[in-house]
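1. Take this sequence and fold it.
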Amino acid sequence: MAKQAQVEFTAVIKKAEDMDVTYIPVEFDVEKTFGKKRLKVKIWYDKILYRGLLTKYNGEYNLMINKNIREQIGKDAGDKNILIAPLDWGLGHATRCMPLIDLLLQKKANIIIAGNGDSFFLLKDSYPDLKFYELPGYDISYAVAKNASVQTLLQGPKVLKTISKENKVIEEIVATEKIDLIISDNRYGVRNANVKSILICHHIALQAPDAMKFMNPILLKLHLRQIHKFDALWIPDEENETNLSGILSHNILFKIPHAFIGIQSRFANYKQEKSFIDEIDFEMLVVLSGPEPQRTYLETELKKKLQTISSKILLIRGKTETDKTETVNNITVINYLNTNDLFAALQKAKIIICRSGYSTVMDLGVLGKKAIFIPAEGQTEQEYLAKILAEKGFAVECQQHYLEIEKAIKKLETITGFHAYKTSTEKLEIELNKHLI
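-> Now for the predicted structure:
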């Protein structure tokens, strides 16, 4: 018996204009492939098997797709193919994309995620049924106590090379998946001239160290040059005085449409399920994340300091390679927590120690918590956020160089913390609908 021809392809479900029929256009030469003009076929729509007839409609070959099949695969005519790609510097760029992903799933969009590193793993773990593509990593290294903005500039040739590689991969994904909309969280090669491309970014006005403040306008100009290659900019913050990012994203002139889409946190309106965290005895929670070697440096130094404290401590390393838990003296160390378990840990902890990364700031703002912020030395964004949020009484700033933890813990008792920001997806949905129509 001759081997039957098999063809695999990606397509968008369409609806006929003159009748209530949905179909998938066949974009290969049917007669050349099968040697027939009309034939019975076995079709797998995603993983759902259907036996039908491959025939012409309005002079073109199409596969009819009935309501029962559409309901089983959870897709319908007009559904958009949307590519989302968060940066891999820590987990925050991925976690703040979760409200967007959830909203798109509610709208029955076909979501494709591209990325790499720990943030890529987190989204794979959280959304196992979605399709994923791996992108080249930027591999930026932030040495301890060196300015991050300046280091990024010095590594500019490597960054630009990665952006170029990234853009070529995106071109292939766009063609393969028939992408209708691209949403990039701080990945500057994730755009396409033929597809509307949106950038999510809060850190627009890059900050030079105090001795080099004269460079701020230059850094902003260089950054805007990359931003303006996109079709629109979404800023995850409030536009008014209750904003969290301050000068990083406000009072800036843009040449493309931009919108403040509100605080974006995976913990907004979150309902906790049962967690193994409930069985762990601890008062203090340490949450680490971010690029190396800064992450490892802080972990090492904190362990030295915290061993002298009587409190029981849970330390989350923010590393997704292995599922590992160990307890040494008063410190229990866990590599990684999913959304539900981290939510449980944050709610249970009496004292929280973490970096002042912006996604962490948004999470704590939504939960109405207070924390000890240890900004990564040289990362002026984190240094700025820790400073202004400490001035508002939302957090306590603790310098990594001195790491005066006990002093910071005492000061934590005197502040009120964040005032539990009320969030909704309303602003995000308004902007999203503009681009989905």
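2. which residues touch stretch 199-213?
-> Here stretch 199-213 makes contact (Cβ atoms under 8 Å, 6 or more residues apart in numbering) with 96-97, 147, 149-150, 152, 183-186, 188, 191, 214-216, 219-220, 223-224, 227, 230, 232-237, 245, 247-249, 252, 358, 378, 380-381, 383-384. In short, each C-beta sits where N, CA and C put it, glycine included.
3. please redo it, this time with the cut-off set to 6 Å
-> 147, 149, 184-186, 215-216, 219-220, 223, 230, 233-237, 245, 247-249, 252, 358, 380-381, 384 (Cβ atoms under 6 Å, 6 or more residues apart in numbering).
4. Could I get the buried residue list for that stretch?
-> Within stretch 199-213, the residues that qualify as buried by neighbour count (16 or more other Cβ atoms under 10 Å) are Leu199, Ile200, Cys201, His202, His203, Ile204, Ala205, Leu206, Gln207, Ala208.
5. Ok, stretch 287-300 next?
-> Applying 16+ other Cβ under 10 Å to stretch 287-300 flags Val287, Leu288, Ser289, Gly290, Pro291, Gln294, Arg295, Tyr297, Leu298, Glu299 as buried.
6. Among these, which lie within helices?
-> Judged by DSSP state H, the buried residues of stretch 287-300 include Gln294, Arg295, Tyr297, Leu298, Glu299 as members of helices.
7. Could you identify the least confident member of those residues?
-> Lowest pLDDT among these: Gln294, with 85.
8. what's the spacing between that one and Glu377?
-> 8 Å (Cβ to Cβ, to the nearest Å).
9. And for Gln400?
-> When Gln400 is compared with Glu377 (using Cβ to Cβ), they lie 5 Å apart.
10. and what of Glu172?
-> In terms of Cβ to Cβ, Glu172 sits 39 Å off from Glu377.
11. Which residue of the two possesses the greater neighbour count?
-> Glu377 (21 against 10; other Cβ atoms under 10 Å).
12. name the element the more buried one belongs to?
-> Under the criterion DSSP states H and E, no helix or strand holds Glu377.
13. For it, give its distance to His93.
-> 21 Å.
14. Provide the contact partners of stretch 99-106 at residue level.
-> Ile82, Ile111, Gln264, Thr425.
15. Name the residues contacting each of Gln400 and Glu377.
-> By Cβ under 6 Å, 6+ apart, no residue touches both Gln400 and Glu377.
16. where does Thr33 fall, phi/psi-wise?
-> phi -70, psi -40 (degrees, to the nearest 10).
17. longest strand anywhere in this structure?
-> strand 48-57 (DSSP state E).
18. ok, Ile280 - how many residues close by?
-> Neighbours of Ile280 using other Cβ under 10 Å come to 17.
19. Filter the contacts of stretch 99-106 down to the ones in strands?
-> Ile82, Ile111.
20. mind putting the contacts of stretch 99-106 in TSV, neighbour count and distance to His419 included?
-> Converted to TSV, these look like this (neighbours: other Cβ atoms under 10 Å; distance: Cβ to Cβ, whole Å):
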residue	neighbour count	distance to His419
Ile82	25	34
Ile111	20	33
Gln264	28	18
Thr425	18	20
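21. mind putting the contacts of stretch 99-106 in JSON lines, distance to Glu406 included?
-> Compiled in JSON lines, the contacts of stretch 99-106 are given as follows (distance: Cβ to Cβ, whole Å):
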{"residue": "Ile82", "distance to Glu406": "48"}
{"residue": "Ile111", "distance to Glu406": "46"}
{"residue": "Gln264", "distance to Glu406": "34"}
{"residue": "Thr425", "distance to Glu406": "41"}
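22. Spell out which residues make up each domain of this protein.
-> 14-73, 81-263+425-436, 276-412 (automatic domain parsing).
23. Quick check: end-to-end length of the last one?
-> In other words, domain 276-412. 27 Å (Cα to Cα, to the nearest Å).
24. Look up the pLDDT of Lys422 for me, please.
-> Value for Lys422, per-residue pLDDT: 85.
25. Tell me the spacing between Lys407 and Lys370.
-> 16 Å.
26. The two - which one has more neighbours?
-> Lys370 (20 against 12).
27. In space, what's closest to that one - neighbours in sequence excluded?
-> If the residues on either side of it in the chain are set aside, Lys370 comes closest to Gly417, at 2.8 Å by Cβ to Cβ, 6 or more residues apart in numbering.
28. Number of residues surrounding the one you found?
-> Around Gly417 there are 19 residues (other Cβ under 10 Å).
29. does it sit in a helix, a strand or a coil?
-> coil (DSSP: H, G, I helix; E, B strand; the rest coil).
30. got a pLDDT number for it?
-> 96.
31. Now that it has come up, it's in contact with Ala371, right?
-> No. Using Cβ atoms under 6 Å, Gly417 is not in contact with Ala371; the gap is 7.8 Å.
32. Find the residues that touch each one of those two.
-> In contact with both Gly417 and Ala371: no residue, using Cβ under 6 Å, 6+ apart.
33. Which of the helices or strands spans the nearest residue to Thr416 once chain neighbours are set aside?
-> Spatial nearest neighbour of Thr416, excluding adjacent residues (Cβ to Cβ, 6+ apart): Gly393 at 5.2 Å. Using DSSP H and E, Gly393 maps to neither a helix nor a strand.
34. My read is that Gly393 contacts Thr414, right?
-> No. Between Gly393 and Thr414 there is no contact under Cβ under 6 Å: 8.7 Å.
35. quick one on the thing from earlier: any idea of the mean pLDDT for the longest strand of the chain?
-> For strand 48-57, mean pLDDT rounds to 78.
36. now do stretch 27-39
-> On average, stretch 27-39 scores 80.
37. Show the model's pLDDT score for the closest residue to Phe28 other than its chain neighbours.
-> With sequence-adjacent residues excluded and distances taken as Cβ to Cβ, 6+ apart, Phe28 is closest to Val7, at 6.0 Å. As predicted, Val7 sits at a pLDDT of 81.
38. what do you get for the one 4 residues further on?
-> The model reports Ala11 with a pLDDT of 68.
39. give me the low-pLDDT residue ranges for the stretch 151-300 of the chain?
-> Within the stretch 151-300 of the chain, the ranges that satisfy pLDDT under 70 run 151-153, 155.
40. Can you show me the helices along it?
-> 156-177, 216-227, 294-306 (DSSP state H, counting those that start in this stretch).
41. would CSV of those with distance to Val30 be doable?
-> Shown next, in CSV, are the helices of the stretch 151-300 of the chain (distance: least, Cβ to Cβ, whole Å):
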stretch, distance to Val30
helix 156-177, 20
helix 216-227, 44
helix 294-306, 54
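42. Report the beta-bridge partner residues of Lys14.
-> Counting by DSSP bridges, Lys14 forms beta bridges with Tyr23.
43. where does the spatially most central residue of the chain sit relative to Ile173, distance-wise?
-> Centroid-nearest residue in the chain: Ala94, 2.1 Å away (criterion: Cα atoms, centre = their mean). Ala94 sits 18 Å away from Ile173, going by Cβ to Cβ.
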